[in-house]
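Participant: Compute the structure for the input listed below.
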Amino acid sequence: MVFLLIIIGLLLIIIGIQLRRGKWYGIVAGNNFKDKPIEIQKKGALGASSITLLVGSFLIIIYILDFYGIQTRFLTLPVFVIVIPYSFFSIYKYLKHFIKYGE
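Facilitator: A predicted model of the protein is given here:
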């Protein structure tokens, strides 16, 4: 079960790298038919790549610490302190943009 952490972590890092390279824009926000302009796709992909790289790295760190028998519960609070405010900020920014431009 713990080995699943490394597999999911590596997959998320691969997805993050591909998004950062300018590939796989279609998987961002359900845009799988390329119906949005490329600028909007790039902007969404940049934000999505940051999150996927962060979560993928975190999962691999958890796996490594667990492999060496180090308790990983102490990492939960710092991750929540970083991820939850970032998520709320991203949602606020998106809603503000959506209300202003309707896209």
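Participant: Quick one: the helices in the protein, in order.
Facilitator: Applying DSSP state H to the chain gives helices spanning 3-21, 38-67, 76-101.
Participant: Make CSV from those and add mean pLDDT to it.
Facilitator: Listed next are those as CSV, based on pLDDT from 0 to 100:
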stretch, mean pLDDT
helix 3-21, 89
helix 38-67, 82
helix 76-101, 81
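Participant: and stretch 5-22, how far out from the chain's middle?
Facilitator: Its chain's average C-alpha position is 9 Å from that of stretch 5-22, according to C-alpha atoms, centre = their mean, to the nearest Å.
Participant: ok so, going back, as TSV, the helices of the chain with mean neighbour count would be great.
Facilitator: The C-beta positions use only the backbone N, C-alpha and C, and glycine is treated the same way. Converted to TSV, these look like this (neighbours: other C-beta atoms under 10 Å):
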stretch	mean neighbour count
helix 3-21	16
helix 38-67	16
helix 76-101	11
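Participant: I84 and P78: what is the separation?
Facilitator: Distance, I84 to P78, using C-beta to C-beta, to the nearest Å: 11 Å.
Participant: and what of L59?
Facilitator: Distance, L59 to P78, by C-beta to C-beta: 15 Å.
Participant: ditto for G22
Facilitator: 31 Å.
Participant: just K100 next, same as before
Facilitator: Between K100 and P78 the distance is 34 Å, computed by C-beta to C-beta.
Participant: Over to I6?
Facilitator: Applying C-beta to C-beta to I6 and P78 gives a distance of 21 Å.
Participant: same check, this time on K93
Facilitator: Counting by C-beta to C-beta - K93 and P78 are separated by 23 Å.
Participant: can you pull the pLDDT of the residue nearest to I62 when sequence neighbours are not counted?
Facilitator: Spatially, and ignoring its direct neighbours in sequence, I62 is nearest to T72 (5.1 Å; C-beta to C-beta, 6 or more residues apart in numbering). Per-residue confidence at T72 stands at 76 (pLDDT).
Participant: Ok, V28 next?
Facilitator: Reported pLDDT for V28: 66.
Participant: residues touching V79, list them.
Facilitator: V79 makes contact with F58, according to C-beta atoms under 8 Å, 6 or more residues apart in numbering.
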